[in-house]
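K.L.:
Provide a 3D model corresponding to the input given below.
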Amino acid sequence: MSDARLGLTVTHRRYVPYSHAHYAGNLVDGAYALGLFGDVATEVCIRTDGDEGLFASYSDVQFKAPMKAGDVLEVVATVTRVGTRSRTIDFEARVVCRGRPDKSESAAEVLADPIVAVTATGTVVVPPAA
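P.N.:
Below you'll find the model as predicted:
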């Protein structure tokens, strides 16, 4: 018997403000994506269990491409395992829009092919079912 929560996918999008750039070239640190993963995991827990849940751990985090101020990130969380109180979630942060300072200060474009910037697998825990 398959659990209906398996495969649940939640997607958030977020503009990365210039105030979050910490490095040359307006680069944003990888922890920014981890914060977004926490936000989308909260919605997953609300949808699956009616509770915000708690993030317990990451078993894998891969930083694959830079994130920059002015990007629009699409963050996707998919439930891959359901335990009694724990849920395993796969995460992906993709750059779907990027600034084009070479054209003008406020120019930007939608990317034809999103750039996978960060992937991770994490575990959340929720209270016991009533």
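
K.L.:
which secondary structure elements does the helix or strand of the chain with the lowest mean pLDDT contact?
P.N.:
Lowest by mean pLDDT, DSSP states H and E among the helices and strands of the chain is strand 21-23, with a mean of 88. In terms of contact count using 3 or more Cβ pairs under 8 Å, 6 or more residues apart in numbering; DSSP states H and E, strand 21-23 is assigned the packing partners strand 27-28. (Each C-beta comes from the backbone N, C-alpha and C, glycine too.)

K.L.:
run through the neighbouring helices and strands of the strand it packs on.
P.N.:
Right, strand 27-28 is packed against strand 21-23, strand 67-68 by 3+ Cβ pairs under 8 Å, 6+ apart.

K.L.:
picking that back up, run me through the strand neighbours of the least confident helix or strand of the chain, direction for each.
P.N.:
Take DSSP bridges as the rule and strand 21-23 pairs in its sheet with strand 27-28 (antiparallel).

K.L.:
buried residues, stretch 2-9. List them.
P.N.:
residue 8 (16 or more other Cβ atoms under 10 Å).

K.L.:
likewise for stretch 61-74?
P.N.:
67-74.

K.L.:
out of the helices and strands packed on strand 27-28, which is closest to residue 45?
P.N.:
strand 67-68 (24.6 Å; Cβ to Cβ).

K.L.:
next helix or strand past the closest one?
P.N.:
Next helix or strand after strand 67-68 toward the C-terminus (DSSP states H and E): strand 72-82.

K.L.:
who are the packing partners of that next one?
P.N.:
Strand 72-82 packs on strand 9-15, helix 31-49, strand 86-99, strand 108-125, going by 3+ Cβ pairs under 8 Å, 6+ apart.
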